[in-house]
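Undergrad: Fold the stuff below for me.
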Amino acid sequence: MRKIFVIVLCCFHATSYTQVSYSAVNLRDSLKKLTITNDPNTQVDILMNISTNYAYFKGDSGMLFLNKAKNVSIENNLIDRLPLIYFYMSSCNSNTLGNYPAALYYSLETLKAANQMDKKSPMKQTLTSFAYYSIANSYSYLLNKKKSEEYLNKSFELFQKIKSTYNKSYTLTTYGVYAETCIRNKDFINANKYNEMAIDINDSYEFKDRWGIPYISKGMILQNENKHVEAIEYFKKSIPHSIYRNVLKDQSEAQMAIAESYSAIQNFDSAIIYCNKVIENGKIVAFNEGLQKSYHLMYQIYKLKNIKDSAYKYLEKFNDIRDIIFNNLKLNEAQNMAMVEELKQRDLAEQKAKQQKILIITGICAILLAIGIYLNGKRKQRERLRKIEEDRKNSELKAARDLQQSMLPKENPKRSDLDIATYIRSSTEVGGDYYDFFPQVDGSIFSVCGDATGHGVTSGMMVSVTKAGLNGINPVKPHKILQRLNGVVKRIDLGTLRMSLNIAEITQNEIYLSSAAMPPIYLYKASTKSIEEFMNNGLPLGGFKDEEYVLETRNFESGDILVQLSDGLPEAPNSKGEMYDYERLKNLILSTVHLPSKEIIDVLMKSVDEWMEGKHNPDDITLVITKKK
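TA: Numbers count the residues shown, from 1 in each chain. This is a model prediction of the structure:
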């Protein structure tokens, strides 16, 4: 959806203010005109025009002017202006800022605003169709293929009904964005179908009226088929159109794709040339993803060429841009939390307004009919509000639970000498336990087991911060990872929330262990047929800023078993309030060391469930068992 809102602006003729290219003079003129007009429609036109000029340069500035346009529209009851404004907000977040949860939020607002338009409005169905597409696009960025395809089908069904009202440019845009979404969903059959339609229309135009993006999409489809020479031709074909229209981000994306294809066919010198073009454009246009890919590709090429100085230089630049992207992700998370809270407060305000209206109607009915009918109406009203609140809470909990599940590994690492099994059971809808794996290029694996303070949505927030922090830290020894992660958690400052965590680095023949306020790590040694407990605990993450953590090293030999766990199992209570106990757990592990990891977990969970006699465990249970074959 790269420049879709610029195309839509031209196709809709929605603004009376002439669109101009980005420059300081035009920006001053626009701001000056904004100060001298009192007409709210003109003010919205100017603000939206300014925002399009920032589309691929400064996303934060674009959102600033779009928010001003939204506020003017709401204050002056310009309801029909809101769908397009929200649509642009979604585009800006997905294209420039890379904040895909925010893009989904604004695309849903687009649909809501389109549904509130007058049924007689000629743009209602068109904006509804693009709202569906915008939602599909956002879900594709969030890797939810099922939801993306659902809304893409809705958009296409509505588009088929109103296609006769579209001009060629609008039809080109529609096919083009459908193709892009299908590419992200890896549905290359439909992507090629839609893109061929877009290219047919695009090729029918003169040069000055063509867009480069259909050629970029064609190149991506060919890349997927490993037809890199043909792909390069289409990517290069797109560049003159991107330059002519001053859409530098499209140009950079094409250049990055060319570099990747040249690298794939081992034409490394040409790949380096195009990587440098992306880097040069990065001084003008925000394209951190492209810069990251360029630096990483340059590092790989120079490494292959054994030019170590250049390889390390670009590896350092790659790490720097990765840190920038990580910091942006943290900022996006904070902004998304604020948006969720804003949405919740607005929904509550709407519910309150509806409640007041019902109270007035019910009061009139009570006076006219009877006090008995009035009281009955009040009872039904309370039940309805209770159900609304209950549904809202359930919806939020489900979203939080889905987010937590998405943070866990989809599968355990595969290494021929290891048998790894995991288990997690939350005591509430959203738990605070967490486990993860980080396989390394040299074959070693970082195994992580953690337990956030408390349960529910707040502990889920701590798990999110921990996951993001671990992904942003370079692989070093476990105690150093804990020290750096402690700094990240401390800087974010989630109040009294803390995170207990242990990390095991599993190499070919050794394990390195470090822990922050977790239960003991158990290591069964086959050679001595005994279990060693590791209690090298520091304070929880987020406590003291300069906390240091201990590193333990042990041999890891055939038959050895490593057990990482949260405190939910050993501290599970029975009907008398007695704990299951760590010693009981240790003895049970000793009795199961001949079993595979998965069966060891089954035995442990059966034992603790019998201990609790079917009662609910007040804490989460997590087990990570690694057995050396």
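Undergrad: my guess is residue 569 meets residue 621, correct?
TA: Yes - with contact defined as Cβ atoms under 8 Å, residue 569 reaches residue 621; the gap is 4.9 Å. All C-beta spots, glycine's among them, are computed from the backbone N, C-alpha and C.
Undergrad: overlap in contacts of these two?
TA: 605, 608 (Cβ atoms under 8 Å, 6 or more residues apart in numbering).
Undergrad: can you list the domains in this structure?
TA: 333-404, 408-628 (automatic domain parsing).
Undergrad: Name the residues of stretch 306-321 that are buried.
TA: Within stretch 306-321, the residues that count as buried by 16 or more other Cβ atoms under 10 Å are 311, 314-315, 317-318, 321.
Undergrad: related to what we said a few turns ago, out of the domains of the chain, nearest to residue 111?
TA: Closest approach to residue 111 among the domains of the chain (Cβ to Cβ): domain 333-404, 13.8 Å.
Undergrad: Local confidence estimate at residue 359?
TA: If you check residue 359, the pLDDT there is 74.
Undergrad: and it, what element?
TA: helix 308-368 (DSSP states H and E).
Undergrad: which of the domains of the chain is buried the deepest?
TA: domain 408-628 (a mean of 18; mean count of other Cβ atoms under 10 Å).
Undergrad: same question for that one, mean pLDDT?
TA: Here the average pLDDT along domain 408-628 is 91.
Undergrad: Quick one: end-to-end distance for it.
TA: 23 Å (Cα to Cα, to the nearest Å).
Undergrad: Check the gap between residue 616 and residue 568 for me.
TA: 12 Å (Cβ to Cβ, to the nearest Å).
Undergrad: circling back to that earlier point, right, and the pair among the buried residues of stretch 306-321 with maximum separation?
TA: 311 and 321 (16.0 Å).
Undergrad: Which parts of the protein are strands?
TA: For the chain, the strands defined by DSSP state E cover 418-425, 433-439, 445-452, 499-506, 510-516, 521-525, 530-534, 537-538, 552-555, 561-565, 621-628.
Undergrad: Tell me who's in contact with the nearest residue to residue 421 once chain neighbours are set aside.
TA: Nearest residue to residue 421, sequence neighbours excluded (Cβ to Cβ, 6 or more residues apart in numbering): residue 597, at 3.6 Å. Contacts for residue 597 (Cβ under 8 Å, 6+ apart) come out as 419-421, 561, 625-627.
Undergrad: want to try JSON lines for the residues you listed, with distance to residue 199 as columns?
TA: Listed next are these as JSON lines, based on distance: Cβ to Cβ, whole Å:
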{"residue": "419", "distance to residue 199": "52"}
{"residue": "420", "distance to residue 199": "48"}
{"residue": "421", "distance to residue 199": "50"}
{"residue": "561", "distance to residue 199": "59"}
{"residue": "625", "distance to residue 199": "54"}
{"residue": "626", "distance to residue 199": "52"}
{"residue": "627", "distance to residue 199": "55"}
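Undergrad: Quick check: the closest residue to residue 79 other than its chain neighbours vs residue 447, distance?
TA: Take residue 79 and drop its neighbours on the chain: the residue closest to it by Cβ to Cβ, 6+ apart is residue 116, 6.0 Å away. Distance of residue 116 to residue 447, computed by Cβ to Cβ: 51 Å.
Undergrad: same question, residue 74
TA: From residue 74 to residue 447 the distance is 51 Å (Cβ to Cβ).
Undergrad: Next: residue 264.
TA: 34 Å.
Undergrad: And for residue 555?
TA: 17 Å.
Undergrad: ditto for residue 75
TA: 55 Å.
Undergrad: try residue 579
TA: Going from residue 579 to residue 447 by Cβ to Cβ gives 26 Å.
Undergrad: Tell me who's in contact with residue 556.
TA: With Cβ under 8 Å, 6+ apart, residue 556 has these contacts: 506-507, 509-511, 562, 628.
Undergrad: Now it. Nearest residue, chain neighbours left out?
TA: residue 511 (4.6 Å).
Undergrad: Next, the contact list for the one you found, please.
TA: With Cβ under 8 Å, 6+ apart, residue 511 has these contacts: 504-505, 523, 553-554, 556, 562.
Undergrad: before we move on, what about residue 543?
TA: Counting by Cβ under 8 Å, 6+ apart, the residues that residue 543 touches are 486, 490, 498.
Undergrad: Ok, residue 440 next?
TA: 446, 475.
Undergrad: does residue 244 really touch residue 209, like I thought?
TA: No - judged on Cβ under 8 Å, residue 244 makes no contact with residue 209 at a distance of 9.9 Å.
Undergrad: got any residues that touch both of those two?
TA: Common neighbours of residue 244 and residue 209 (Cβ under 8 Å, 6+ apart) do not exist.
Undergrad: Reformat the strands of the chain as CSV; add distance to residue 59.
TA: Formatted as CSV, these follow (distance: least, Cβ to Cβ, whole Å):
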stretch, distance to residue 59
strand 418-425, 37
strand 433-439, 30
strand 445-452, 32
strand 499-506, 31
strand 510-516, 36
strand 521-525, 44
strand 530-534, 47
strand 537-538, 40
strand 552-555, 46
strand 561-565, 41
strand 621-628, 38
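Undergrad: Which one of those strands lies nearest to residue 364?
TA: strand 445-452 (51.3 Å).
Undergrad: Tell me which other helices or strands the closest one touches.
TA: strand 433-439, helix 456-471, strand 499-506, strand 561-565, strand 621-628 (3 or more Cβ pairs under 8 Å, 6 or more residues apart in numbering; DSSP states H and E).
Undergrad: Please compute how far the first one lies from its chain's middle.
TA: Okay, so that is strand 433-439. Centroid displacement of strand 433-439 relative to its chain, using Cα atoms, centre = their mean, to the nearest Å, is 18 Å.
Undergrad: cool, the third one as well?
TA: Mean-position distance between strand 499-506 and its chain equals 24 Å (Cα atoms, centre = their mean).
Undergrad: now swap in the fourth one and tell me
TA: Taking Cα atoms, centre = their mean, one finds strand 561-565 lying 31 Å from the centre of the chain it belongs to.
Undergrad: who touches it?
TA: 435, 447, 449, 502, 504, 506, 511, 518-519, 521-524, 556, 589, 593, 597, 600, 621-628.
Undergrad: Next, the contact list for residue 413, please.
TA: 420, 437, 439, 445 are the contacts of residue 413 under Cβ under 8 Å, 6+ apart.
Undergrad: any idea how far residue 378 is from it?
TA: 59 Å.
Undergrad: Check residue 563 too.
TA: 58 Å.
Undergrad: what do you get for residue 131?
TA: Residue 131 is 37 Å from residue 378, by Cβ to Cβ.
Undergrad: and what of residue 432?
TA: 40 Å.
Undergrad: Please apply the same query to residue 540.
TA: 49 Å.
Undergrad: cool, residue 586 as well?
TA: Applying Cβ to Cβ to residue 586 and residue 378 gives a distance of 60 Å.
Undergrad: repeat for residue 476
TA: 63 Å.
Undergrad: quick one on the thing from earlier: can you add distance to residue 108 and give the helices and strands packed on strand 445-452 back as JSON lines?
TA: Shown next, in JSON lines, are the helices and strands packed on strand 445-452 (distance: least, Cβ to Cβ, whole Å):
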{"stretch": "strand 433-439", "distance to residue 108": "28"}
{"stretch": "helix 456-471", "distance to residue 108": "20"}
{"stretch": "strand 499-506", "distance to residue 108": "31"}
{"stretch": "strand 561-565", "distance to residue 108": "39"}
{"stretch": "strand 621-628", "distance to residue 108": "34"}
